[in-house]
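*Asks:* Need the 3D shape of this:
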Amino acid sequence: MNGLISSPRTGKGQDMDAERIAVYPGTFDPVTNGHCDIINRGLKIFDRLIVAVAVNGSKTPLFSVEERLYMLTESLKEMPNVKVDSFNTLLVDYAAARGAQTILRGLRAVSDFEYEFQMALMNRKLNKNIQTVFLMTGMRWIFISSSIIKEASQFGGDTQKLVPPVVYEKLKERFGHGPVAS
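*Replies:* Take a look at the predicted model:
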């Protein structure tokens, strides 16, 4: 076998050995165990994942881009096929510049789907060579969102089992809920 398959749409050969790279974008303000679940499962599909913090001027994040990059890097340091980065351009342009063929998105509920579907269609219109793949969040994490984590943490709620340890420590530090245990 020559390592090539024929694409049904183009009839042209595609290299089966080409590295499968996906971009998993988000604000990650902060990263949750639900995000980590999508990343872990995405690594079973893709050779490499680029977890990319979106710099979104229309949102007011709790954590700076640098803090989010740090928390992601610490949370994912045991995953050698994951790169953490940030971007402030069109997602499809960012993905193409990084050699990614796919955008990975997580879905928690039907309510996520409408927005994500619109974004996937727009991205497809902007660059037909970049595909979007949706993964359902694991049932264990389906109710978690960064917004809910921040709100619970703000009022002293225990989010320790819902976020990576570095995030839990940063949330306690940010909201001043006593000294962080060593």
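
*Asks:* Identify the single longest helix in the protein, thanks.
*Replies:* Criterion DSSP state H: the longest helix present in the chain is helix 110-126.

*Asks:* which strands and helices sit next to that one?
*Replies:* helix 91-97, strand 102-107, strand 131-136 (3 or more Cβ pairs under 8 Å, 6 or more residues apart in numbering; DSSP states H and E). Every C-beta, even on glycine, is put in place using the N, C-alpha and C of the backbone.

*Asks:* and the angle from that helix to strand 131-136?
*Replies:* For helix 110-126 against strand 131-136, the angle by axes from the mean of the first three to the mean of the last three Cα atoms, to 10 degrees is 170 degrees.

*Asks:* hey, C-alpha coordinates of stretch 123-133 in CSV?
*Replies:* Taking Å, rounded to 0.1, in the frame of the first residue of the first chain, the C-alpha atoms of stretch 123-133 are listed here in CSV:
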residue,chain,number,x,y,z
ASN,A,123,-16.0,28.6,9.8
ARG,A,124,-16.7,26.2,6.9
LYS,A,125,-17.8,29.2,4.7
LEU,A,126,-14.5,31.0,5.6
ASN,A,127,-12.3,27.9,5.0
LYS,A,128,-13.8,24.8,3.5
ASN,A,129,-10.6,22.8,4.3
ILE,A,130,-11.0,23.1,8.0
GLN,A,131,-13.6,20.7,9.5
THR,A,132,-15.3,20.9,12.8
VAL,A,133,-15.7,17.9,15.1
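
*Asks:* how far does that stretch sit from the chain's center?
*Replies:* Averaging C-alpha positions (Cα atoms, centre = their mean, to the nearest Å) puts stretch 123-133 17 Å from its chain's average.

*Asks:* cool, stretch 37-51 as well?
*Replies:* That offset, for stretch 37-51, works out to 9 Å (Cα atoms, centre = their mean).

*Asks:* tell me the mean pLDDT for that stretch?
*Replies:* The pLDDT scores in stretch 37-51 average 97.

*Asks:* now do stretch 87-99
*Replies:* For stretch 87-99, the per-residue pLDDT averages 97.

*Asks:* In it, which residues are buried?
*Replies:* 87, 91-92, 94-96, 98 (16 or more other Cβ atoms under 10 Å).

*Asks:* what's across from the spatially most central residue of the chain in the sheet?
*Replies:* The centre of the chain sits closest to Tyr24, judged by Cα atoms, centre = their mean, with a distance of 3.7 Å. When bridges are called by DSSP bridges, Tyr24 pairs up with Val51.
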